[in-house]
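Novice: next one to model:
(2 chains)
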Number of protein chains: 2
Amino acid sequence: MAQINSHYLKLKSGYLFPEIGRRVSEFAQKNPAARLIRLGIGDVTRPLPDAVVKAGKAAFDELSRAETFRGYGPEKGYEFLRRAIAENDFKPRGVVVDPEEIFISDASKCDTANMQELFDQNCRVAIPDPVYPVYVDTNVMAGRTGSADGQGRYEGLHYLSSGPESGFLPQIPRERFDIVYLCFPNNPTGVVATKDELKRWVDYARANEAVIFFDAAYEAYITDEHIPHSIFEIEGASECAVEFRSFSKTAGFTGTRCAFTVVPRALMCRNSRGEKVALHALWHRRQSTKFNGVSYPVQRAAEACYSDEGKKEIRELIAYYMENAKFIHQTLSKMGFAVYGAINAPYIWLKTPHDTDSWGFFNELLHKAHVVGTPGAGFGACGEGYLRLSSFGSRADIAEAMERIRQIYDI
Amino acid sequence: MAQINSHYLKLKSGYLFPEIGRRVSEFAQKNPAARLIRLGIGDVTRPLPDAVVKAGKAAFDELSRAETFRGYGPEKGYEFLRRAIAENDFKPRGVVVDPEEIFISDASKCDTANMQELFDQNCRVAIPDPVYPVYVDTNVMAGRTGSADGQGRYEGLHYLSSGPESGFLPQIPRERFDIVYLCFPNNPTGVVATKDELKRWVDYARANEAVIFFDAAYEAYITDEHIPHSIFEIEGASECAVEFRSFSKTAGFTGTRCAFTVVPRALMCRNSRGEKVALHALWHRRQSTKFNGVSYPVQRAAEACYSDEGKKEIRELIAYYMENAKFIHQTLSKMGFAVYGAINAPYIWLKTPHDTDSWGFFNELLHKAHVVGTPGAGFGACGEGYLRLSSFGSRADIAEAMERIRQIYDI
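Specialist: Modelled structure (predicted):
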């Protein structure tokens, strides 16, 4: 009798975004006349940069000729892309990353989900709250937790509560953990960590031989020049951290799919006998065995993000979304909402009015304003009482969404 | 102290193909004048069909305009592709697959690697030998095995030995297993299973409440009209099997990346209390949480495989490779080699001459003929004494490779 992985049954509910999708479809079906404005899921709306499109098409042309056809690429990605990343994303910030330390993938979601596989079942895991649900759910699926309590918190995971009193920053724990997830600029709150704050995490990790899973998918949205874009800007981080990056939000790749992860060669963990083992070799083994590399046209498209034309177009894309973020922040603040984020990130973290709960406010916005947000509670217990709005819509939609909200909530 | 997943350290050596790559690079570096002919890794060499290239480029164009831009797609893939698959790959063979049962992914490698995650740690697993190494390695990584013995066989896995006495077909075991991996047309041996043979496996699975992981990545190469292309051609299979399919070998997508897996809604497993749980829902949850869908241009490219033009071009591609297979089979047979496969599959399974071992013959071919094969021992203990050749090269290369081998081994 084939018995399933019973840990899956501990998962509280559907993954957050499909659940939102379900509720939105249901509403749309019952209200076909309503024009929905979607500021929920963090999905971009502006077209791909021309440089990217040109490169993707040219690569398809290469595949159409026997002389330039390419079959399987390296599981870790082509060197042309890994080299472009090292040169453009890291070197200008004074960070030396060897292209061999970079692994191209189809999604940061996959990489943040899969990295925990390399670690022992009994590793002690600390996860911020609120947080991108994938970090939690994949540890549940892997069997590192017990059941969830009434708040949706799983026994055996340690939650780093991050509320308004700490500016939504997780605080360094007193206890020792083996794995710590961090995400800056933060999804969902939009807050960032200063160099000093990241240094404290790196010091903590080195003192405790912990590994930091650093999700920097939104680094391109940092506007404050003093904020680090990579954890590797902190000395010693290459001995204790992996970093996840993505082209999704930077260059509009949510439908095109490309991301990468840096696993430094210097990062050592322990085997069961306490001997050092390089995480780099284990991740390479995992990717070689369970992954077949990213589509060649997509890797060429990603490479084009680093051309002069590509860089210019991406700067414009990001400026467009950040103007949206600023506008949402200003409008809602003026209306009396407590608003966070939006300065170094494309997300606005909004206190719900009149102590409405997250899903209640989500429903209210959906039904009264026909605006889709993301309930903060979907990101963890500390997200209760908040809602995330994304700035990825078109200017016109965002203006209309704000106007609709203003008509209902002039608080 | 972050302790690693110690199961990774049980893996006998690097994943087979990177290991071959390493040896080949080493040889090429020392012998820069040698013109290598690669018949090792099962990688295609003919260009992508025009219909596919056209569709991929048109999709990039769509992404370049705000009105037609698409961000995140459904994690399970777009309906246009799932519907085309159901209509074209299954319906003409009398198999009803609901498009909702189809999950698009970037690789059968990933899907065959990840499916085991849905099952309990203590499930008893039966795997043919020789076999695609991913099935074995991913169960080792997941902790379902002990260490490997001298032959490279892991304690706790059951091997279905398939040698020449059974026509390289795995035999139905007497014991009860929870998960059985099958691959037809077989990689590496190239043999196929008849309808009766598959029916015996389905009967076994239903009687034992086992799940069959059926890898049909090479079904397009079947030339014998009596051989089933899908396990779902067998009555009752939708209650006990998942099926993996790929565009890699069919349409030359090894560098473009697209595959799919069918998880029937009727397939039930058990939870720890013995109650039925639908595998479909679990796989959907897994893919929603750990995967972000396939690149939109790639899904459009895959859809084009089912256009009239695409179908015609694909038939020509397959005919080209199968001509190669036939030629290799005939040439080596004439030379006195014992040769299997090559009739319903793009692989030729070759007995090594004079009782040379697999890696020895691999080295001999590499050093004397500058031809790269794949050592049978890399596929399992029962592959010892064999070598796999693939028919994916160009006609001219294959003719030259055969000539070079003839000069050395006129046995």
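Novice: what residues are up against residue A:240?
Specialist: A:202, A:205, A:206, A:209, A:210, A:211, A:212, A:267 (Cβ atoms under 8 Å, 6 or more residues apart in numbering or on different chains). Where you see a C-beta, it was placed from the backbone N, CA and C, and this is true even at glycine.
Novice: kindly recompute the last result at 10 Å.
Specialist: A:180, A:201-212, A:214, A:231, A:234, A:264, A:266-269, B:2 (Cβ atoms under 10 Å, 6 or more residues apart in numbering or on different chains).
Novice: name the element the residue nearest to it when sequence neighbours are not counted belongs to?
Specialist: Sequence neighbours aside, residue A:205 is the residue nearest to residue A:240 in space, at 3.9 Å (criterion: Cβ to Cβ, 6 or more residues apart in numbering or on different chains). Counting by DSSP states H and E, the element that carries residue A:205 is helix A:195-208.
Novice: just residue A:212 next, same as before
Specialist: For residue A:212, the element it lies in under DSSP H and E is strand A:211-215.
Novice: hmm, that strand touching chain B?
Specialist: Yes: shown here: strand A:211-215 in contact with chain B (Cβ under 10 Å from any Cβ of the partner chain) through A:211, A:212.
Novice: who are the packing partners of that strand?
Specialist: helix A:108-114, strand A:125-129, helix A:133-141, strand A:179-183, helix A:195-208, strand A:241-246, strand A:259-262 (3 or more Cβ pairs under 10 Å, 6 or more residues apart in numbering or on different chains; DSSP states H and E).
Novice: ok, it: who's next to it in the sheet?
Specialist: strand A:179-183 (parallel), strand A:241-246 (parallel) (DSSP bridges).
Novice: with just CA atoms, put the shortest one into PDB.
Specialist: Listed in PDB are the C-alpha atoms of strand A:179-183, where the atom choice follows Å, rounded to 0.1, in the frame of the first residue of the first chain:
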ATOM      1  CA  ILE A 179      19.200  27.700   9.300                       C
ATOM      2  CA  VAL A 180      17.900  31.300   9.200                       C
ATOM      3  CA  TYR A 181      15.800  32.600   6.400                       C
ATOM      4  CA  LEU A 182      16.100  36.400   5.600                       C
ATOM      5  CA  CYS A 183      14.600  38.400   2.800                       C
END
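Novice: straight-line length of stretch A:268-285, end to end?
Specialist: 15 Å (Cα to Cα, to the nearest Å).
Novice: equivalent analysis for stretch A:81-92, please.
Specialist: End-to-end for stretch A:81-92, by Cα to Cα: 16 Å.
Novice: only the buried residues of that stretch, if you could.
Specialist: If you call a residue buried by 16 or more other Cβ atoms under 10 Å in any protein chain shown, then stretch A:81-92 has these buried ones: A:81, A:82, A:84, A:85, A:86, A:89, A:90.
Novice: just the pLDDT for the fourth one.
Specialist: If I follow you right, that is residue A:85. Note for residue A:85: predicted pLDDT of 98.
Novice: give me the phi and psi for residue A:98.
Specialist: Main-chain dihedrals, residue A:98, degrees, to the nearest 10: phi -70, psi 130.
Novice: does stretch A:148-156 come close to chain B?
Specialist: No: contact between stretch A:148-156 and chain B is absent, the nearest approach being 14.2 Å (criterion: Cβ under 10 Å from any Cβ).
Novice: what does that stretch rub up against?
Specialist: Under Cβ under 10 Å, 6+ apart, the answer for stretch A:148-156 is A:10-13, A:122, A:124-125, A:127, A:129, A:133, A:136-137, A:139-140, A:143-147, A:157, A:159, A:161, A:377-378, A:380-384.
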